[in-house]
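Peer 1: The following comprises the amino acid sequence and a computationally predicted model.
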Amino acid sequence: MFESLQTMPADAILGLLTEHRNDPRPEKIDLGVGVYRNAVGETPVLATIKKAEQRLLRTQTSKTYIGTAGDAAFNTAVQAMTFAGAVPDDRLVTIQTPGGSGSLRVAAGLLLRAREDATIWFGEPTWANHTPLLGGAGLTLKPFPYYDPEKHIIHVDAMLDTLRTIPKGDVILLHACCHNPSGFDPSEAEWREIADVIAERELLPFIDAAYQGLARNIDDDAFAIRHLASLVPEMIVSTSCSKNFGLYRDRVGSLSLMSATADSLGVLDSQANNYVRTVYSMPPDHGAAAVSIILADDKLRAEWLVELKDMRDRLKAMRGLLYNALLEKAPGQDFSHLVRANGMFCFLGVSAENIVRLKKDFGIYMVDDSRINVAGITADNVEYLSNSIAAVL
C-alpha cells in the first residue's frame with residue numbers, strides 16, 4: 001500500500017528549530033520559530049492560565065465529550081471579545097476549534113460546500129501555512145499586492161486597484177493585526193478604504209485574527225473585523241489563543257460565521273457542526289475551558305490584560321533595541337521598518353546569502369525570506385546579534 005509514497009521535505013520552520021537545537025554554539029539565536037519568549041528566552045505559562053487551571057482542577061467533574069461546537073462559555077466569551085456587539089447575536093455563530101489552523105480548515109470546508117469554485121484572494125506575502133490549509137483543501141488561491149520588501153511599506157494603492165477587479169462573490173483573506181510575516185498593518189483610514197471596496201465589490205471577508213491584543217490592545221486590534229461587520233452581509237473570522245493566552249500546545253481557537261440574516265444563521269451553524277464531525281469530531285477542552293474562566297472573571301480578565309500588555313511592550317522594546325544597535329553597527333543601512341511593524345514578526349530585510357552566512361558563521365537562525373520573530377531578541381543577545389548582522393552586510 002505505502003510503497004508508492006515518498007518522504008516529504010521537512011517543514012522550513014520546524015526544520016530550523018531542529019537545526020538550532022542541535023547547534024552546539026552557546027551564543028546561537030533562534031529567530032525562526034513563531035512562539036513568544038520572555039526576557040530569558042522562555043515561553044511561559046501565563047499566571048492567569050495557571051490560576052484558571054487550578055480552578056478548573058477543583059471544579060471540573062467530568063471528562064465527557066463536549067460536542068462538535070466545543071465549550072459554549074468559551075464561544076460566547078471569544079465572540080464578545082472579537083465583535084463587541086458590532087453585529088447582532090442572531091447573525092453570529094461561533095464554534096471552538098483546534099487552534100487557528102483548525103478554524104481555517106473548517107472554514108475552507110464550508111466554503112467548498114457553499115461553492116466548489118470559490119476563489120480566495122490573499123495578500124502577498126501571507127502566512128506560509130495559509131496555502132496548505134486552504135489550497136490543500138481544494139480552494140483556488142490568488143494573490144494581490146500587499147507588502148513591498150524593498151521599501152518596507154504596504155502597497156495600499158496597488159492592493160485597492162486589484163481588489164476593484166476581483167469578481168463579485170470571491171473571498172478575500174485578511175490579517176486582523178500583526179500581519180504575519182511582515183508585521184505591517186493598514187492604518188484605520190486605510191482599513192476604511194479597503195472595507196469600502198470590499199463592500200462595493202460584494203466580496204466575502206475572511207479574517208485571520210491570530211494575534212488580537214499584541215499590536216495595540218484587544219479592542220483596537222479588532223477594528224477591521226468590527227468595521228467590516230457594519231458594512232458587509234457575511235463574514236468569516238478565525239481566531240487563535242496560541243499567542244495572546246500562550247496556549248500553543250493546547251490548540252485553542254474559534255471560528256465565527258456572520259450570516260446575512262437571522263434566518264440563515266441556523267444553516268451555517270448546522271453546516272459547521274456537521275463538517276467538524278467529519279473531520280475531528282470535536283475540539284479539545286482544557287485550554288478553552290481555562291480561557292472561558294479568565295474572560296468570565298473580571299479580576300482574572302484584568303490580570304490577563306496586564307500580562308498581554310507586558311508581552312506587547314516587550315516585543316516593541318526588542319524592536320527598538322535591535323534598531324538602535326543597528327544604527328550604531330550598520331549606519332549605512334535603513335532598518336527603521338523594525339520599529340514601524342507590529343507584533344512578533346517582521347522581515348529583517350537582508351539577502352538570502354546573508355541569511356546563510358548568519359546561520360553558518362554565527363548560529364543565527366531565521367526563515368529564508370528573512371522573517372524574524374522579535375521575541376527571540378533579548379537584552380543579553382542583541383549585541384551579538386547586531387554585530388553578526390553588521391558583519392554579513
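Peer 2: Sure thing, it's come through.
Peer 1: Show me where the stretch 251-393 of the chain has its helices.
Peer 2: When assigned using DSSP state H, counting those that start in this stretch, the helices of the stretch 251-393 of the chain occupy the ranges 262-279, 286-296, 298-329, 337-340, 352-362, 382-392.
Peer 1: now, of those, which is deepest in the fold?
Peer 2: helix 286-296 (a mean of 23; mean count of other CB atoms under 10 Å). Every C-beta, even on glycine, is put in place using the N, C-alpha and C of the backbone.
Peer 1: circling back: so which of the helices of the stretch 251-393 of the chain comes closest to Ala10?
Peer 2: Closest to Ala10 of the helices of the stretch 251-393 of the chain, according to CB to CB: helix 352-362, at 15.2 Å.
Peer 1: What's the mean pLDDT across that closest one?
Peer 2: Helix 352-362 carries an average pLDDT of 96.
Peer 1: what angle separates it from helix 382-392?
Peer 2: Orientation note: helix 352-362 sits at an angle of 130 degrees relative to helix 382-392 (axes from the mean of the first three to the mean of the last three CA atoms, to 10 degrees).
Peer 1: distance between stretch 221-232 and the chain's centre?
Peer 2: 17 Å (CA atoms, centre = their mean, to the nearest Å).
Peer 1: Buried residues, that stretch. List them.
Peer 2: Asp221, Ala222, Phe223, Ala224, Ile225, Arg226, His227, Leu228, Ala229, Val232 (16 or more other CB atoms under 10 Å).
Peer 1: so what pLDDT did the first one get?
Peer 2: Predicted confidence (pLDDT) at Asp221: the value is 98.
Peer 1: how near is it to Ile49?
Peer 2: 20 Å (CB to CB, to the nearest Å).
Peer 1: And for the last one?
Peer 2: Distance check for Val232 against Ile49: by CB to CB, it reads 34 Å.
Peer 1: just the third one next, same as before
Peer 2: As judged by CB to CB, Phe223 and Ile49 stand 26 Å apart.
Peer 1: lowest-pLDDT helix or strand in the protein?
Peer 2: Least confident helix or strand of the chain, by mean pLDDT, DSSP states H and E, is helix 12-22 with a mean of 85.
Peer 1: Dump the C-alpha coordinates for that helix into PDB.
Peer 2: The C-alpha coordinates for helix 12-22 follow below in PDB (Å, rounded to 0.1, in the frame of the first residue of the first chain):
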ATOM      1  CA  ALA A  12      11.000  25.000   6.900                       C
ATOM      2  CA  ILE A  13      10.400  26.500  10.400                       C
ATOM      3  CA  LEU A  14      10.300  23.200  12.300                       C
ATOM      4  CA  GLY A  15      13.500  22.200  10.400                       C
ATOM      5  CA  LEU A  16      15.100  25.400  11.700                       C
ATOM      6  CA  LEU A  17      14.100  24.500  15.200                       C
ATOM      7  CA  THR A  18      15.800  21.200  14.900                       C
ATOM      8  CA  GLU A  19      18.900  22.700  13.500                       C
ATOM      9  CA  HIS A  20      19.100  25.300  16.200                       C
ATOM     10  CA  ARG A  21      18.600  22.700  18.900                       C
ATOM     11  CA  ASN A  22      21.400  20.600  17.600                       C
END
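Peer 1: Contact partners for the residue lying closest to Cys241 once chain neighbours are set aside?
Peer 2: Counting by CB to CB, 6 or more residues apart in numbering, Val252 is the residue found nearest to Cys241 once chain neighbours are left out, at 4.0 Å. Contacts for Val252 (CB atoms under 8 Å, 6 or more residues apart in numbering) come out as Phe74, Gln96, Gly99, Ser240, Cys241, Ser242, Phe245, Pro284, Gly287, Ala288, Val291.
Peer 1: Could I get those residues in CSV, plus columns for pLDDT and distance to Gln60?
Peer 2: CSV is the format used below for the contacts of Val252 (pLDDT from 0 to 100; distance: CB to CB, whole Å):
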residue, pLDDT, distance to Gln60
Phe74, 98, 14
Gln96, 98, 16
Gly99, 97, 21
Ser240, 98, 24
Cys241, 98, 19
Ser242, 97, 22
Phe245, 98, 18
Pro284, 96, 14
Gly287, 97, 13
Ala288, 98, 13
Val291, 98, 14
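Peer 1: Of these - the most surrounded one?
Peer 2: Using other CB atoms under 10 Å as the neighbour test, the contacts of Val252 are led by Gln96, with 32 neighbours.
Peer 1: who touches the residue positioned nearest the centre of the chain in this structure?
Peer 2: The centre of the chain sits closest to Ala210, judged by CA atoms, centre = their mean, with a distance of 2.9 Å. The contact partners of Ala210, taken as CB under 8 Å, 6+ apart, are Gly100, Trp127, His175, Ala176, Cys178, Asn180, Ser238, Thr239, Ser240, Ser242, Lys243.
Peer 1: circling back to that earlier point, can you lay out the helices of the stretch 251-393 of the chain as a markdown table showing distance to Leu17?
Peer 2: Compiled in a markdown table, the helices of the stretch 251-393 of the chain are given as follows (distance: least, CB to CB, whole Å):
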| stretch | distance to Leu17 |
| --- | --- |
| helix 262-279 | 27 |
| helix 286-296 | 22 |
| helix 298-329 | 20 |
| helix 337-340 | 23 |
| helix 352-362 | 13 |
| helix 382-392 | 18 |
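Peer 1: Quick check: which of the ones you listed is nearest to Gly15?
Peer 2: Comparing the helices of the stretch 251-393 of the chain by CB to CB, helix 352-362 comes nearest, at 11.6 Å.
Peer 1: Please identify which of the contacts of Ala210 is nearest to Ala86.
Peer 2: Nearest to Ala86 out of these is Ala176 (CB to CB; 13.0 Å).
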